[in-house]
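Peer 1: Just the structure for this:
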Amino acid sequence: MYAWIWRRLPFGLPGKLIGSLLIVTGVFALLWYVVFPWAEPLLPFDDVQVESSVPADDPAGGSAGVDGESGDADDEHEIPYDTERNNTPPPSTTTR
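Peer 2: Predicted coordinates:
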């Protein structure tokens with residue numbers, strides 16, 4: 001297909017280079033201004049849903065914070081792994 005287009009472009013090598021550049025620019029502009037704006041609402045990039053594990057009505061009667069969690073100082077986030085040391089084994093020094 002590209003060879004067919006190259007053969008059909010007029011005015012020798014300079015005309016073919018300029019014509020190719022115009023075709024590429026036209027395809028880029030068509031995609032940028034027509035196809036992408038049309039397809040953008042169909043794509044899920046802006047479909048972000050943030051859910052909280054704490055219900056909106058706190059049964060404990062505490063005031064809900066920004067994240068929907070109670071504002072007590074005792075409610076720290078628990079990290080399920082040790083943050084004081086590296087749990088991965090050291091790299092092997094032997095070569096194969």
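Peer 1: next structured bit after the helix or strand of the chain with the lowest mean pLDDT?
Peer 2: Least confident helix or strand of the chain, by mean pLDDT, DSSP states H and E, is helix 2-8 with a mean of 89. As assigned by DSSP states H and E, the chain's next helix or strand after helix 2-8 is helix 12-30.
Peer 1: And for Gly19, the neighbour number?
Peer 2: Number of residues near Gly19 (other Cβ atoms under 10 Å) recorded here: 16. Every residue, glycine included, has its C-beta placed from N, CA and C.
Peer 1: Show the contacting residues for it.
Peer 2: Neighbour list for Gly19: 9-11 [criterion: Cβ atoms under 8 Å, 6 or more residues apart in numbering].
Peer 1: Can you give me the distance of the residue nearest to the spatial centre of the chain to Phe36?
Peer 2: With distances taken as Cα atoms, centre = their mean, Phe45 lies nearest the centre of the chain, 7.3 Å away. Note on Phe45: its distance to Phe36, by Cβ to Cβ, to the nearest Å, is 12 Å.
Peer 1: what's the answer for Ser20, then?
Peer 2: The gap separating Ser20 from Phe36 is 22 Å, by Cβ to Cβ.
Peer 1: the more surrounded of those two?
Peer 2: Higher neighbour count among Ser20 and Phe36: Ser20, with 14 against 11, using other Cβ under 10 Å.
Peer 1: quick one: contacts for the more buried one?
Peer 2: 5-6, 9.
Peer 1: try Ser92
Peer 2: Per Cβ under 8 Å, 6+ apart, neighbours of Ser92: none.
Peer 1: Can you classify it by secondary structure?
Peer 2: Assigned with DSSP: H, G, I helix; E, B strand; the rest coil, Ser92 falls in the coil class.
Peer 1: Now do it against Arg85, distance only.
Peer 2: The gap separating Ser92 from Arg85 is 19 Å, by Cβ to Cβ.
Peer 1: swap in Leu21?
Peer 2: Separation of Leu21 from Arg85 (Cβ to Cβ) stands at 58 Å.
Peer 1: what does Phe36 give?
Peer 2: Distance, Phe36 to Arg85, by Cβ to Cβ: 48 Å.
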